[in-house]
Structure formats: C-alpha cells, structure tokens
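> need coordinates for the below:
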Amino acid sequence: MADPGAILDRSSEYPGEEFTNEDFEAVQDAIHGGRLGDVVDRPSALVLGSYDDAERQRLDEVRAGLDDHIEAVIMDEVLEVWTYWTSKFKLLVANSDLVVGVYEHSDGGHEWEAGYLDARPHREQTVVLRRNYPDVDAPEDEPFDAMLAHWIETMRYVDSVYDWTLEADDAPSLDDAVGAVVANHVDF
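Numbering: from 1, shown residues only. Sure, this is the predicted structure:
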C-alpha cells in the first residue's frame, strides 16, 4: 500500500507545493478508496488528452479499452490537492507504468507534456494515439503545430505511435489504436 506521506514528500520536491493536514487526509483517502490508490498500487496507465466534450468522451473510451488489461486513469479523475497541475502530472507519470497520449491537435498543454515525456526516463513508457485528418490538405489547416508534430514523429521512430481516424472505413479507428497499444505495450 502506498504511503500518503511519501507521496506528499515527493510532491513537495516540486516548486510551490505545500500541503496541509487536510491535504494529507485527502491523499490518504484517495489512496485507500480512490483513483490515486489505483495508480500507485498497481500497474497502471495514465491517459492524457483534451477535456472538451467530444474529446473527453474519446479519453473515456481509451480508458475503458485499457481497463480490461491495466488500471487506467485520466488525470482530472485523480484528487485535486496539488497547487499546480504540473506537479500532479509529474507525480502521476512517475507512478504510472504506461502513459497514453490521445492527441487530436496542439491546443492545450500537450507541448509541455510532450517535452516532459520526451525525457529519457519517460520516453519508453509513453505511447501516442495520433488522430489523422484525411480531409486536411492545406498546411495552414493542419491541427498539429510543428513542435508537437515533430515530437510525435520522433515517437514514431521507436514504434510508439498509433494513428487513428474518425469515420473512415478504410483507416484504423480509435479502438484499433487502443488494441495495438494493448498488444504491444501492456505486458505487466
């Protein structure tokens, strides 16, 4: 069983994080009865992506597809005791066996996350589910800016990118991409 004190001590290493007794109790409750305990006590996957309505629904689908094979969580489902989301993100990455980025565009914190995940200790635990847009022809309409697009391509070199498309009969679906992640990366 994870130690709430150790989790808060580790979190305190991140700049700007200080915790009250109430925070300690909340972490303890989350370990014993909530999603935080699922992450730190078992092999787990952290599912990242956008939280807009349609995109959040796809994150839920990815989590559900992984849940039969590995405990999967989405970051906003885990306790909110950290001052900064970056501290929570780092802690969850450190305690997850697999990080699954469901990337549909460059909007949001994806570039910051990608920079962190590209570091050697995290690169091997990270996979990318990249949404393709078959109808996008003009470069100015591309949903991925150069920074995120190039990082995704570097992940492709280590066989950690699975492309998917919405509503295309002849292309891999999101379910297909999740199946590939399970087949190739969930071996705990």
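> residue ranges with poor pLDDT in the protein?
For the chain, residues meeting the criterion pLDDT under 70 lie at 1, 32-35, 37-41, 188.
> can you rerun that using 80?
Residues of the chain meeting the criterion pLDDT under 80: 1-6, 8, 19-21, 23-24, 26-43, 79, 109, 139-140, 167-171, 187-188.
> how about the strands in it?
44-48, 71-74, 98-103, 126-131, 161-164 (DSSP state E).
> make TSV from these and add distance to Ala149 and mean neighbour count to it.
Just so you know, the C-beta spots here come from the backbone N, C-alpha and C atoms, and that holds for glycine as well. Listed next are those as TSV, based on distance: least, Cβ to Cβ, whole Å; neighbours: other Cβ atoms under 10 Å:
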stretch	distance to Ala149	mean neighbour count
strand 44-48	17	25
strand 71-74	24	22
strand 98-103	10	25
strand 126-131	9	23
strand 161-164	11	20
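> adding distance to Gly109, write the ones you listed out as JSON lines.
Output for the strands of the chain, formatted as JSON lines (distance: least, Cβ to Cβ, whole Å):
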{"stretch": "strand 44-48", "distance to Gly109": "9"}
{"stretch": "strand 71-74", "distance to Gly109": "14"}
{"stretch": "strand 98-103", "distance to Gly109": "11"}
{"stretch": "strand 126-131", "distance to Gly109": "15"}
{"stretch": "strand 161-164", "distance to Gly109": "19"}
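> list the contacts for Ile7?
Ile7 makes contacts with Val27, Ile31, Leu36, Val40, Leu91, as judged by Cβ atoms under 8 Å, 6 or more residues apart in numbering.
> same check, this time on Asp3
If you count contacts by Cβ under 8 Å, 6+ apart, Asp3 has none.
> distance check, it against Ile31.
From Asp3 across to Ile31, the span is 8 Å (Cβ to Cβ, to the nearest Å).
> between those two, what contacts are shared?
Counting by Cβ under 8 Å, 6+ apart, Asp3 and Ile31 have no shared contacts at all.
> in the protein, where's the longest helix?
When the chain is parsed with DSSP state H, its longest helix is helix 53-67.
> can you name every helix or strand that that one contacts?
In terms of contacts (3 or more Cβ pairs under 8 Å, 6 or more residues apart in numbering; DSSP states H and E), helix 53-67 is packed against strand 44-48, strand 71-74, strand 98-103, helix 174-185.
> residues making contact with the second one?
With Cβ under 8 Å, 6+ apart as the test, strand 71-74 has contacts from 35, 38-39, 42-48, 59-60, 62-64, 66, 92, 100.
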